[in-house]
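> my questions are about this predicted structure, shown below with the sequence.
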Amino acid sequence: MNRREALTDTELAALVAAGDEEALAELYGRYGRIVYSMAMSSLREPSGAEDVTQEVFAALWVRAGRFDGERGIFRHWFLHLAHNRIVDELRRRKRAARFGEELPDPVSGAGPVAGSNTADEAVRAVLFGSAREALERLPSEQRQAIVLAYLEGATQQEISQRTGAPLGTVKTRLRLGLMKLRAHLMLPQGTEGTDA
Amino acid sequence: MSDSRQEWDELLPAYALNALEGEELERLEAALEADASLRARLAEYLESTTWLAGAFSPLAPPAALEPRIRRVVRALPVSLSARRVRARRSWLPWAAAAVLALAVGVLGGATAFQLHSVDQLQSQMQDLASDAAQTEQRLQEQREVTAWVAQSAVTPAAVRSVDSYAEPDPATDYPWGMLVTKPDGSRVLMMLNLPVLAAGEVYQVWLWDDAGEAARSVGHFWPDEDGYALAHLTMPALDTIHWLSVNRAKGGGTARPSGEPVLVGTVR
């Protein structure tokens, strides 16, 4: 076994901060597929997904020294950073599209939002397992708000504009939706939760 | 429950989903930095978003991606502070909001932030649009550089400040740069965090032989106000040179390198 395989994410991040390329490779082994899948699901074309995945791990390389294991969990910190980068790219593409810039063609059927008219279709297209089930159990307004933010990179103001709901209502939907997802996550496997 | 706690609790879910922007994002990030209980509450929301991240239909990245990432990071400094990038990202929405507030003040007849004329307002908005265009252009250039790194067979060379070699400090935004060979064989030097130049100064790029004695200039440039520059260089074959340095110079450049190099690195 590679010595680094036995290390925790936090220990690997400390090595990355010191310039250990093999530690970065180990973290890529653990998270590369997740980041690439997120990027493909949101951007819907492999070239952009590869570029963003590359940028995320380059950002990890230069920012790993800023991660403090006593202040947070690496998995949270890193996947939030990765999602942030994907959202930045989604927003950049939206701006570019407004100015008529040519963008890569999405791969048919590869993404969440390709051909999806509703949050339900988006969820079914890209998510699987208990997370998908948990999202599908949310009230539709909460599910829609989370999908618009998480999969399409919409800000809370944009969600308000697109759904017609007041900003305060959007904030409440995001909060309740995430809390219910977490409650579902905390349930023992096979336990049915109530949809309050 | 205090007003501020209630406000943060409203913003944390949007932050976890990266749906927050502008001044709210700035204020929450500052509060998170200082408040451990707030970070703990954020962690609860991040559990949900992290769970979502792991629930996307799994797709394997292409096998070529990992070696490509290795090549890119070899040219990057380790643990560079990202404060400058974050500040740049957050500045534009804030400034736009400020101008919007000014516009509302003018149109509503408010007295607090009135401008002298609509022309002045238009002028400020044009300035902001110009800044936004400059930022977008810079991002586009950096994307192109990243693409060249990925496409070129030549590994990029890193150039860094002397201080970053001598006393590395992850919290410091040291100047650094990356010499990239484009797929067509030409070369560009991308630099960040360059110190502000005095009036009448330029940065000059020098190539050195193995002994560090014979130097030749390959051009000069000015960075933008953020210390960013992308210099297109006309260079000889890399096997004829060993070092590259970037030095301050007077006027349009000097015949010999002057002063301490701001950036230095081996190029082969």
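Great, that's in hand.
> shaky segments in chain A?
Low-confidence segments of chain A (pLDDT under 70): A:1-2, A:99-128, A:187-196.
> typo on my end, the stretch 51-200 of chain B
Screening the stretch 51-200 of chain B residue by residue with the criterion pLDDT under 70, one finds the ranges B:76-131, B:165-172.
> go again with 90.
Counting by pLDDT under 90, the low-confidence segments of the stretch 51-200 of chain B come to B:51-59, B:68, B:70-188, B:190-193, B:196-200.
> okay, strands next: where are they in it?
Taking DSSP state E, counting those that start in this stretch to define them, one finds strands in the stretch 51-200 of chain B at B:157-160, B:176-181, B:187-192.
> switch those strands over to CSV; also include mean neighbour count and distance to chain A.
Quick note: C-beta positions are derived from backbone N, CA and C, even for glycine. What follows is the strands of the stretch 51-200 of chain B, written out as CSV (neighbours: other Cβ atoms under 10 Å in any protein chain shown; distance: least, Cβ to the nearest Cβ, whole Å):
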stretch, mean neighbour count, distance to chain A
strand B:157-160, 21, 11
strand B:176-181, 24, 10
strand B:187-192, 22, 11
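> quick one: which of these is nearest residue B:32?
Nearest of those to residue B:32, taken as Cβ to Cβ: strand B:187-192 at 25.7 Å.
> centroid residue for chain A?
For chain A, residue A:83 is the residue whose C-alpha lies nearest the centre (Cα atoms, centre = their mean; 4.2 Å).
> in contact with it, which residues?
Applying Cβ atoms under 8 Å, 6 or more residues apart in numbering or on different chains, we find residue A:83 in contact with A:38, A:150, B:18, B:49, B:53.
> which SSE is it in?
For residue A:83, the element it lies in under DSSP states H and E is helix A:74-98.
> same check on residue A:173?
Taking DSSP H and E as the definition, one finds residue A:173 inside helix A:167-186.
> list of residues touching that helix?
With contact meaning Cβ under 8 Å, 6+ apart, helix A:167-186 is reached by A:130-131, A:133-135, A:137-138, A:141-143, A:145-146, A:149, A:156-157, A:159-160, A:163, A:165, A:193, A:195-196, B:9-14, B:16-17, B:19, B:44-45, B:47-49, B:51-52.
> in ChimeraX, how would I select just the buried ones from those?
Selecting the buried subset of those in ChimeraX, with 16 or more other Cβ atoms under 10 Å in any protein chain shown as the burial test, is done by:
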select /A:131,134,135,137,138,141,142,143,145,146,149,156,157,159,160,163,165 /B:10,11,12,13,14,16,17,19,45,47,48,49,51,52
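> ok, residue B:4 to chain A distance?
To chain A, residue B:4 is 15 Å away according to Cβ to the nearest Cβ, to the nearest Å.
> which phi and psi does the spatially closest residue to residue B:241 that is not a sequence neighbour have?
Nearest residue to residue B:241 in three dimensions, chain neighbours excluded: residue B:207, at 4.4 Å (Cβ to Cβ, 6 or more residues apart in numbering or on different chains). For residue B:207, the backbone dihedrals are phi -110, psi 140 (criterion: degrees, to the nearest 10).
> hmm, residue B:207 is touching residue B:244, no?
Yes. Taking Cβ atoms under 8 Å as the contact criterion, residue B:207 and residue B:244 are neighbours in contact, 5.8 Å apart.
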